[in-house]
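>>> the following block contains a protein sequence and its predicted model.
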Amino acid sequence: GINAEYGIQMVTIHGRTRCQLYNGSADWDFIAKVKEAVRLPVIGNGDVVTFEDAANLLRQSGADGVMIGRGAYGRPWFINQVGHYLKTGERLMDPPLLDQHRIILEHFEEILSHYGESTGVKIARKHMGWYSKGLNGSADFRVAVNQVQTAVAMTNLINEFYRPLYA
């Protein structure tokens, strides 16, 4: 079986088949079967979008930890919030919009640094959609973001969208 004899130190299981893609529900019982079969730490993943999802995945699967994927899209602070919740039972609030604005600009700069302007602007579009989801005016913001071609124009749009939300 899979174990530390082969140099494997941990295994992460996404409780969804390749055929499912992003449809259906993650199978946390399958993660439990893997946990029973190996003598390694098992990290469970799939359908973790709330604090309760993380706690339920751990309880149902017996996994040693949780990996959060799509649940953190547009809210990278969610990973820290879940960790805090699992340790204390306390739900941390989302950061204030001023801080979110700063995080988004930093993320955009990192995207540009890694991918360059042309590709970076295109990649950032989906992230701006995730970040702005549920905020006042986000539909119009997403339309504008998806037409932007330059880093300066994207930065201006981000600032024009976020500043009125907390000013």
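Structure received. Numbering: from 1, shown residues only.
>>> restrict stretch 111-126 to CA atoms and write it as CSV.
Taking Å, rounded to 0.1, in the frame of the first residue of the first chain, the C-alpha atoms of stretch 111-126 are listed here in CSV:
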residue,chain,number,x,y,z
ILE,A,111,-0.1,38.5,-11.3
LEU,A,112,1.5,41.2,-13.5
SER,A,113,5.0,40.4,-12.0
HIS,A,114,4.6,36.7,-12.7
TYR,A,115,2.8,36.7,-16.1
GLY,A,116,3.6,40.1,-17.6
GLU,A,117,1.0,42.7,-18.6
SER,A,118,-0.8,41.2,-21.5
THR,A,119,-1.4,37.7,-20.0
GLY,A,120,-1.6,39.1,-16.5
VAL,A,121,-4.5,41.5,-17.3
LYS,A,122,-6.4,38.6,-18.9
ILE,A,123,-5.8,36.3,-15.9
ALA,A,124,-6.7,39.0,-13.5
ARG,A,125,-10.2,39.4,-15.0
LYS,A,126,-11.6,36.2,-13.5
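>>> residues near the closest residue to Asn146 other than its chain neighbours, how many?
If the residues on either side of it in the chain are set aside, Asn146 comes closest to Arg125, at 5.4 Å by Cβ to Cβ, 6 or more residues apart in numbering. Backbone N, C-alpha and C define where each C-beta goes, glycine included. If you count neighbours by other Cβ atoms under 10 Å, Arg125 ends up with 14.
>>> surely Arg125 and Val143 touch.
No - between Arg125 and Val143 there is no contact under Cβ atoms under 8 Å: 10.7 Å.
>>> could you check how far Leu165 is from Leu97?
Distance, Leu165 to Leu97, using Cβ to Cβ, to the nearest Å: 5 Å.
>>> any idea how far Lys35 is from the residue nearest in space to the middle of the chain?
In the chain, the residue lying closest to the centroid (Cα atoms, centre = their mean) is Ala72, at 1.9 Å. Taken as Cβ to Cβ, the spacing of Ala72 relative to Lys35 amounts to 23 Å.
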